[in-house]
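Q: Return a 3D structure for these sequence lines:
(2 chains)
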Number of protein chains: 2
Amino acid sequence: MNLAEAVLAGERLALARLLTQVENDTPDGRMALDTLFAHTGRAVLVGITGAPGTGKSTLVNQLARCIRHPADGSLPRKVGIVAVDPSSPFTGGALLGDRVRMRDLAGDPGVFIRSMASRGALGGLARTTAEVVQVLDAAGFDLILIETVGVGQDEVDIARLAHTTLVVEAPGLGDDIQAIKAGILEIADILVVNKADQAGAENTERALRAMLEMGASRWGYGAEQSEGEPWQTPVIRTIATQGEGIAELATEITRHAAYLRASGEWQRREDERLRIELDLLVQERLVAHWRSQLKAEQYQEVLEALKKRNLSPFKAVERLME
Amino acid sequence: MNLAEAVLAGERLALARLLTQVENDTPDGRMALDTLFAHTGRAVLVGITGAPGTGKSTLVNQLARCIRHPADGSLPRKVGIVAVDPSSPFTGGALLGDRVRMRDLAGDPGVFIRSMASRGALGGLARTTAEVVQVLDAAGFDLILIETVGVGQDEVDIARLAHTTLVVEAPGLGDDIQAIKAGILEIADILVVNKADQAGAENTERALRAMLEMGASRWGYGAEQSEGEPWQTPVIRTIATQGEGIAELATEITRHAAYLRASGEWQRREDERLRIELDLLVQERLVAHWRSQLKAEQYQEVLEALKKRNLSPFKAVERLME
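A: Here you go, the predicted model:
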């Protein structure tokens, strides 16, 4: 039994091994991805993004528990968690948070947690995350929670990967003019005000609602493809540390998935996702091919001329492309 | 007089116009960049990064004022501010914060503020920011403050652009396990605890100092190229709203620039920066060339097979590259 088959058979060790292969972009990893691809497309991908300090990790943790132990007596679904850590491009280390969380969900065979370190490659993180998600999808995880920190291009790229994007805010952060970014609101399908027991939670919620009303909501984009009523981005209050509001949040996620399917938006997001992945792969392949043809001395020579300002970057590229 | 000449002559309107051309990647913009490149390499580039809510924008504002009105009677230097807004990839809009700030520094011909919107292109923001910075450099701005929000790959890429990187923290955020990321500390040349009058400032400072001592400091990386004593990342307390600690911060920035030059690290960072810019340009050019050769129907056909899961992404790329 090869790695892909073992993953399809539900072997956790094989899964962990394959994810490492995928992260390292090995030939074996690529071969397995090739095999697994036909088994993808079933999982619901949920992106959870927000600034540090919003209690996002605790929220993800509680959400996973809630899905594993449904209050309404429905069958528990399998949950994958992918924590995207934009840690060092130099050391590539991932951090504590993950291990702290592990303890809580450990021992549940219906949960798999994977922490990713940014490799520093442009676009590399988005591509690798997409592949890790594909493997978990093929391995039979019903819901995949993709957690990202910060508010940046990464978040936007990873949001494009998800069917449903949660943006987490917390009191005190939301007051700042910088905290409520038009961009981050536009990618939000569900807004969460976590730490709702802290002072200022009402202000944060009010500010978010005002922004939602004011702004061209995200349905300015893509609205023409959607049928029926547009999605009204809900604002949910949670106190993740106490598990409050989590069941409501889980319900909204389910409701959003239903909306996506009914409106045709699901398919549109799937298509977009595959197109982006294809483009990223093409880009990588082109660069790799070009680099393999290039003589190291020629590159050094051009780089030296660039450093001395004898050659502009555009002229340097032209010389390299000859 | 063409646009590049007007910029070199110090015309603000021409500068604003050229930056728009550069952001839109027009042929005129590229031509001007080509001309201006020989005039670059003089400015000190300072990156200021940190999570929303840390008061980063106020800090940048105060820093610019401090540089324009030096307390020690030295000559004021010209300051460029580049605010990198990871706003919507869909609408591309930039936000209020910038305009609020504008009011404070408005009317000073020695200050130029530019707000950037992410265009959603992978790697595009880092490249465009590099070009905007080059134009300001050629236009004679001595110090260029590059402000980024969030903690992500963007920040790492933009930090690589800067000579000196400030990481701004604030009390309350720093307590969170997620807030103190190994990655962000590693890119920090100077750590700032802003809002130092708020409860918990001492804890934040202590946590940062502990991380600095504990962690392989950033000089694990690149240390072999540096000569002499390694840089000891200082932790500076500020209350930006009241201008406190700003002069001290400005002094540290100057001290770091001197350190970079003395250690040879300045040249190393310059080289790294140019190499990255060259690689980004090559990548773009390769993709553009490939796209121009590709038949739209062929791409659609492959994309459809991909959507139906009849073709894996790797196989799809192979077919497109044939």
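
Q: Moving C-terminal from the lowest-mean-pLDDT helix or strand in chain A, which element do we reach first?
A: The weakest-scoring helix or strand in chain A, judged by mean pLDDT, DSSP states H and E, is helix A:96-105 (a mean of 57). Per DSSP states H and E, the first helix or strand lying C-terminal to helix A:96-105 is strand A:111-117.

Q: With chain B in mind, check whether that following strand reaches it.
A: No. Counting by C-beta under 8 Å from any C-beta of the partner chain, chain B has no neighbours in strand A:111-117; the shortest distance is 8.5 Å. For glycine as for every other residue, the C-beta is placed from the backbone atoms N, C-alpha and C.

Q: mind listing what's buried in stretch A:265-277?
A: A:265-266, A:269, A:273-274, A:276-277 (16 or more other C-beta atoms under 10 Å in any protein chain shown).

Q: Could you tell me the average pLDDT over that stretch, please?
A: The pLDDT scores in stretch A:265-277 average 87.

Q: is any part of it close to chain B?
A: Yes. Counting by C-beta under 8 Å from any C-beta, chain B has neighbours in stretch A:265-277: A:270-271, A:274-275, A:277.

Q: Need these in TSV (columns: secondary structure).
A: As requested, the residues of stretch A:265-277 next to chain B are exported to TSV (DSSP: H, G, I helix; E, B strand; the rest coil):
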residue	secondary structure
A:270	helix
A:271	helix
A:274	helix
A:275	helix
A:277	helix
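
Q: nearest to residue B:18, of the residues you listed?
A: Nearest to residue B:18 among these is residue A:275, at 33.3 Å by C-beta to C-beta.

Q: doesn't residue B:300 make contact with that closest one?
A: No. Taking contacts as C-beta atoms under 8 Å, residue A:275 lies outside contact range of residue B:300: 10.3 Å.

Q: Output the residues of stretch A:265-277 next to chain B in CSV; the columns should cover distance to residue A:312.
A: As requested, those are exported to CSV (distance: C-beta to C-beta, whole Å):
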residue, distance to residue A:312
A:270, 42
A:271, 39
A:274, 37
A:275, 33
A:277, 34
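
Q: hey, where'd the strands end up in chain A?
A: A:44-50, A:79-85, A:111-117, A:143-149, A:164-169, A:190-193, A:235-237 (DSSP state E).

Q: Tell me the strands beside the last one, with direction?
A: Meaning strand A:235-237. Sheet pairing of strand A:235-237 (DSSP bridges) gives strand A:190-193 (parallel).

Q: Mind listing what's buried along the partner strand?
A: For strand A:190-193, a neighbour-count test (16+ other C-beta under 10 Å) marks A:190-193 as buried.

Q: Now for those residues: which two are most distant?
A: Longest span within these, C-beta to C-beta: A:190 and A:193, 11.0 Å.

Q: Now do the shared contacts for those two.
A: residue A:236 (C-beta atoms under 8 Å, 6 or more residues apart in numbering or on different chains).

Q: give me the beta-bridge partners of the nearest residue to residue A:162 once chain neighbours are set aside?
A: The shortest distance from residue A:162 to any non-neighbouring residue, by C-beta to C-beta, 6 or more residues apart in numbering or on different chains, is to residue A:47 (3.4 Å). According to DSSP bridges, the residues that bridge with residue A:47 are residue A:146, residue A:165.

Q: now swap in residue A:193 and tell me
A: Beta-bridge partners of residue A:193, counted by DSSP bridges, are residue A:169, residue A:237.

Q: Now do the contacts for it.
A: The contact partners of residue A:193, by C-beta under 8 Å, 6+ apart, come to A:169-171, A:174, A:201, A:204-205, A:208, A:235-238.

Q: now the farthest one out in chain A, which residue is it?
A: No residue in chain A sits farther from the centre than residue A:310, which is 42.3 Å out by C-alpha atoms, centre = their mean.

Q: What pLDDT does the model give that residue?
A: pLDDT for residue A:310: 91.

Q: gap between it and chain B?
A: In this view, residue A:310 and chain B are 8 Å apart by C-beta to the nearest C-beta, to the nearest Å.

Q: same deal with residue A:322?
A: Separation of residue A:322 from chain B (C-beta to the nearest C-beta): 12 Å.

Q: do residue A:247 as well
A: Using C-beta to the nearest C-beta, residue A:247 is found at 24 Å from chain B.

Q: isn't that residue right up against residue A:71?
A: Yes. Residue A:247 is within contact range of residue A:71, at 5.5 Å (criterion: C-beta under 8 Å).

Q: Tell me which of those two has more neighbours.
A: Neighbours were counted for residue A:247 and for residue A:71 using other C-beta atoms under 10 Å in any protein chain shown; residue A:247 has more, 16 against 10.

Q: re earlier: can I get the strands of chain A in a markdown table with distance to residue A:25 and mean pLDDT?
A: Formatted as a markdown table, the strands of chain A follow (distance: least, C-beta to C-beta, whole Å; pLDDT from 0 to 100):
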| stretch | distance to residue A:25 | mean pLDDT |
| --- | --- | --- |
| strand A:44-50 | 21 | 90 |
| strand A:79-85 | 17 | 84 |
| strand A:111-117 | 13 | 83 |
| strand A:143-149 | 19 | 88 |
| strand A:164-169 | 26 | 90 |
| strand A:190-193 | 33 | 94 |
| strand A:235-237 | 38 | 96 |
